[in-house]
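S.K.: What follows is a protein structure lacking sequence information:
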């Protein structure tokens with residue numbers, strides 16, 4: 001371009017007008033060609049971006065997938081030969097479970113596999129409703145250190161589905177001030193059904209400076225916020241309060257009355273000014289929930305007999321629910337063992353899941369259930385305490401069961417036998433011989449976790465056990481099209497196909 005410009009100046013200086021005009025014409029031609037090439041390049045880039053955005057991105061995000069063909073059969077998915085445990089419907093026997101369009105449509109003996117797109121054999125396994133964890137902390141992603149509205153919470157999907165848990169309740173990590181942020185960050189983005197107990201502290205569970213702030217405990221504002229999200233905000237939580245006042249609990253009850261939801265109490269520090277017996281006798285209502293019932297730190301145990309204290313007995317008589325809430329510091333063998341051996345059983349099992357408890361004695365939902373089985377409970381009992389019982393406690397009785405018409409949240413379990421150590425809050429262990437293992441989890445009628453591939457076909461099978469074009473009706477996983485590969489997601493070579501080209 002520089003030489004061309006010099007050439008034009010030279011022609012102009014020597015009076016060679018025609019040469020100069022020729023140069024200008026030539027220069028304009030080159031400039032226009034370059035502009036045209038630039039426009040073409042931009043067009044190609046725009047076209048490429050539009051193709052990428054309209055095909056690749058939607059595929060990655062699960063959008064714009066082709067419409068599924070109609071399923072004329074009775075079931076999308078049939079789980080056969082499993083031992084069904086459904087406490088709400090009093091089923092404790094071998095049954096088949098038929099699922100269609102994300103709903104339970106049949107629970108009966110000997111349903112016909114020909115009536116289903118896909119059949120999973122659960123022989124020798126327990127089939128239950130998806131588990132409900134009543135006490136967790138999952139308001140993470142805010143970047144706040146040392147806070148259950150931040151770094152002490154965990155993202156739910158990594159800790160729920162692999163344990164058969166399809167519904168959790170965040171227990172007070174957010175209050176009315178920051179619930180909207182929690183909903184956006186976690187509730188609306190999780191495969192797990194995430195519900196909330198709203199903290200009576202408006203700022204939520206952000207450390208002692210917030211949780212002991214009596215001025216930020218407003219039952220009216222908390223209750224009104226809960227009313228905006230019925231079925232999502234399912235309770236009110238008071239937690240970690242160390243003062244002598246009754247205000248946190250009384251304001252929580254005000255909020256609960258406004259929204260017609262229960263109150264869950266983590267009683268914080270033990271104070272002689274507000275004994276547990278008085279809390280459960282006069283401040284709480286029937287239907288409220290006392291969590292951490294086997295900690296022994298706040299008057300749950302009779303120190304002379306080791307059995308349930310008068311406060312726990314009053315709770316049972318008044319219809320206040322006893323929830324385990326294991327956590328990192330709320331389950332002791334020396335407390336739970338004599339209380340349960342004495343015949344006092346919890347109403348619900350929960351984890352108090354957070355970054356410390358999951359790596360401490362608690363581990364996960366099934367580990368807590370294993371401990372109660374070690375103390376004498378049966379598998380049907382612990383399953384009831386993780387399904388229909390917690391659903392009833394939070395007034396969500398549509399969950400935690402396999403009733404026809406209910407959402408098809410389903411879990412399948414095996415029982416492993418061996419020698420296992422189970423650890424409590426004091427890092428002491430009790431040895432046991434049985435452990436529950438989650439084999440399969442369905443959320444809304446689709447497989448979201450499969451430990452040993454009981455829903456999968458063998459890698460070298462030459463035919464599919466189901467119509468792969470319908471696979472999205474019963475699984476969230478990729479289904480390999482047998483025969484020649486039909487998508488770049490799959491290898492070009494398929495066992496048993498005509499395509500036997502040797503990879504280079």
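M.R.: Arrived safely. Just so it is clear, the model here is predicted, and its values are computed rather than measured. Numbering: from 1, shown residues only.

S.K.: what pairs with residue 170 across the strands?
M.R.: Bridge pairing for residue 170 (DSSP bridges) gives the partners residue 136, residue 196.

S.K.: Quick one: name whatever helix or strand follows the helix or strand bottoming out on mean pLDDT in the chain.
M.R.: The weakest-scoring helix or strand in the chain, judged by mean pLDDT, DSSP states H and E, is helix 57-61 (a mean of 40). Moving toward the C-terminus from helix 57-61, the next helix or strand (DSSP states H and E) is strand 75-86.

S.K.: Can you show me the helices along the stretch 201-350 of the chain?
M.R.: Along the stretch 201-350 of the chain, counting by DSSP state H, counting those that start in this stretch, helices occupy 208-211, 219-228, 247-259, 276-278, 310-318, 333-341.

S.K.: Dump these to JSON lines, plus mean neighbour count and mean pLDDT.
M.R.: In this view, the C-beta of every residue, glycine as well, is placed from N, C-alpha and C. Shown next, in JSON lines, are the helices of the stretch 201-350 of the chain (neighbours: other CB atoms under 10 Å; pLDDT from 0 to 100):
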{"stretch": "helix 208-211", "mean neighbour count": "16", "mean pLDDT": "94"}
{"stretch": "helix 219-228", "mean neighbour count": "19", "mean pLDDT": "98"}
{"stretch": "helix 247-259", "mean neighbour count": "22", "mean pLDDT": "98"}
{"stretch": "helix 276-278", "mean neighbour count": "17", "mean pLDDT": "98"}
{"stretch": "helix 310-318", "mean neighbour count": "18", "mean pLDDT": "98"}
{"stretch": "helix 333-341", "mean neighbour count": "19", "mean pLDDT": "98"}
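
S.K.: May I see the ones you listed organised as TSV, with distance to residue 366 added?
M.R.: Below are the helices of the stretch 201-350 of the chain laid out as TSV (distance: least, CB to CB, whole Å):
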stretch	distance to residue 366
helix 208-211	30
helix 219-228	31
helix 247-259	30
helix 276-278	29
helix 310-318	25
helix 333-341	17
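
S.K.: okay, now the closest residue to residue 165 other than its chain neighbours: neighbour count?
M.R.: Nearest residue to residue 165, sequence neighbours excluded (CB to CB, 6 or more residues apart in numbering): residue 131, at 4.4 Å. When neighbours are counted by other CB atoms under 10 Å, residue 131 registers 28.

S.K.: Quick check: phi and psi on residue 131?
M.R.: phi -70, psi 150 (degrees, to the nearest 10).

S.K.: any idea how far residue 211 is from it?
M.R.: Distance of residue 131 to residue 211, given as CB to CB, to the nearest Å: 29 Å.

S.K.: pLDDT score assigned to the residue nearest the centre of the chain?
M.R.: Nearest to the mean C-alpha position of the chain, by CA atoms, centre = their mean, lies residue 192 at 2.7 Å. Residue 192 is assigned 98 on the pLDDT scale.

S.K.: With residue 94 as the reference, measure out to it.
M.R.: 29 Å.

S.K.: just residue 124 next, same as before
M.R.: Using CB to CB, residue 124 is found at 10 Å from residue 94.

S.K.: low pLDDT regions in the chain?
M.R.: 1-64, 482-490, 494, 496-504 (pLDDT under 70).

S.K.: 50 - rerun?
M.R.: 1-27, 30, 36-62, 500-504 (pLDDT under 50).

S.K.: returning to that earlier point: for the residue nearest to the centre of the chain, give me its contacts.
M.R.: Counting by CB atoms under 8 Å, 6 or more residues apart in numbering, residue 192 makes contact with 156, 157, 160, 161, 165, 166, 167, 168, 443.

S.K.: Shouldn't the second one be within a helix?
M.R.: Yes - under the criterion used here (DSSP: H, G, I helix; E, B strand; the rest coil), residue 157 sits inside a helix.

S.K.: who are the neighbours in contact with it?
M.R.: With CB under 8 Å, 6+ apart, residue 157 has these contacts: 190, 191, 192.

S.K.: burial count for residue 304?
M.R.: 6.

S.K.: try the one 3 residues further on
M.R.: For residue 307, the tally of surrounding residues (other CB under 10 Å) stands at 16.

S.K.: these two touch, right, it and residue 340?
M.R.: No - contact between residue 307 and residue 340 fails when scored by CB atoms under 8 Å: they sit 9.8 Å apart.

S.K.: could you dump the contacts of residue 157 to CSV with secondary structure and distance to residue 473?
M.R.: Shown next, in CSV, are these (DSSP: H, G, I helix; E, B strand; the rest coil; distance: CB to CB, whole Å):
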residue, secondary structure, distance to residue 473
190, coil, 22
191, coil, 17
192, coil, 21
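
S.K.: Closest one to residue 114 out of these, please.
M.R.: Distance to residue 114, by CB to CB, is smallest for residue 191 among those, at 30.9 Å.

S.K.: Against residue 363, how distant is the closest one?
M.R.: Residue 191 is 21 Å from residue 363, by CB to CB.

S.K.: just residue 227 next, same as before
M.R.: Relative to residue 363, and taking CB to CB, residue 227 is found at 36 Å.

S.K.: Residue 171 now?
M.R.: Taken as CB to CB, the span from residue 171 to residue 363 is 18 Å.

S.K.: Once you drop chain neighbours, what's closest to residue 402?
M.R.: Closest to residue 402 by CB to CB, 6+ apart is residue 86, at 4.5 Å.

S.K.: need the contact list for that neighbour.
M.R.: 92, 107, 128, 129, 387, 388, 401, 402, 403.

S.K.: I'd assumed residue 398 was in contact with the fourth one.
M.R.: So the one you mean is residue 129. No - counting by CB under 8 Å, residue 129 does not reach residue 398; the two are 10.8 Å apart.

S.K.: Find the residues that touch each one of these two.
M.R.: residue 406.

S.K.: So those two - more neighbours on which side?
M.R.: residue 129 (32 against 12).

S.K.: Look up how far residue 413 lies from that one.
M.R.: Residue 129 is 12 Å from residue 413, by CB to CB.

S.K.: Then residue 424?
M.R.: 23 Å.

S.K.: Who has more neighbours out of the two?
M.R.: residue 413 (26 against 23).

S.K.: State the three-state secondary structure for the more buried one.
M.R.: Under three-state DSSP, residue 413 comes out as strand.
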